[in-house]
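1. Sequence first, predicted model second:
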Amino acid sequence: MKTSLMFATLCAALATSHAFARDTVSTYPVAEALRSEPGKVTDDVALYFAGQKHPAVLKSFGHVATNKKTNAFNKTDEAACQHVFLSAVIELQDRARQQGGNAVINIKSNYRNQLTQSPTEFTCGAGALIAGVALVGDVVTLKGGK
């Protein structure tokens, strides 16, 4: 009897768990996110989001992509999204350094393989437990770069 009651409770919880699932997709300002945790993103690898003008490209190293997740539990969607955005940007910068570039250009959001381009906003999906940001861009060496 006790086992049957536990099994019924478990089944009920699993059947209704979709009611608690959440995936809110929103956009947030790039500039605010970059300022949200000072010192995390360095300026040795320049970042240019889609639509932003940049110096001439001297050499292209190819396309890079990142898909980062973070713990969103007990955080606002905005705070979780800003944090995971910084992680994604840092990974793009690390990839540029590894490949010998001094910039990542044409950065776009790629949440769930839906490309969106904006020079001022990024896309983030946030749920009760996890937030995620996916970015793509091109690693390059820019004329007059750092």
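-> Received, thanks.

2. For the protein, just list every one of the strands.
-> Per DSSP state E, the chain carries strands over the ranges 24-29, 46-49, 57-71, 103-111, 114-116, 121-126, 130-142.

3. Same list, those strands, but as JSON lines with mean neighbour count please.
-> Yep, even glycine has a C-beta here, placed from its N, CA and C like the rest. JSON lines is the format used below for the strands of the chain (neighbours: other C-beta atoms under 10 Å):
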{"stretch": "strand 24-29", "mean neighbour count": "15"}
{"stretch": "strand 46-49", "mean neighbour count": "20"}
{"stretch": "strand 57-71", "mean neighbour count": "15"}
{"stretch": "strand 103-111", "mean neighbour count": "21"}
{"stretch": "strand 114-116", "mean neighbour count": "12"}
{"stretch": "strand 121-126", "mean neighbour count": "24"}
{"stretch": "strand 130-142", "mean neighbour count": "23"}
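
4. Format those as CSV; extra columns: distance to P38 and mean pLDDT.
-> Shown next, in CSV, are the strands of the chain (distance: least, C-beta to C-beta, whole Å; pLDDT from 0 to 100):
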stretch, distance to P38, mean pLDDT
strand 24-29, 16, 97
strand 46-49, 16, 98
strand 57-71, 18, 97
strand 103-111, 20, 97
strand 114-116, 27, 96
strand 121-126, 18, 98
strand 130-142, 19, 98
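
5. longest single helix anywhere in the chain?
-> When the chain is parsed with DSSP state H, its longest helix is helix 77-99.

6. Buried residues, it. List them.
-> Residues 77-93, 95-96 are the ones in helix 77-99 that count as buried (16 or more other C-beta atoms under 10 Å).

7. Stretch 39-58 now?
-> For stretch 39-58, the neighbour count (16+ other C-beta under 10 Å) marks 41, 45-50, 54-55 as buried.

8. Now do the contacts for the residue nearest to G62 when sequence neighbours are not counted.
-> Counting by C-beta to C-beta, 6 or more residues apart in numbering, the nearest residue to G62 once its immediate chain neighbours are dropped is V139, at 6.2 Å. Contacts for V139 were tallied using C-beta atoms under 8 Å, 6 or more residues apart in numbering; they are 60-64, 92, 95-96, 99, 101, 103-104.
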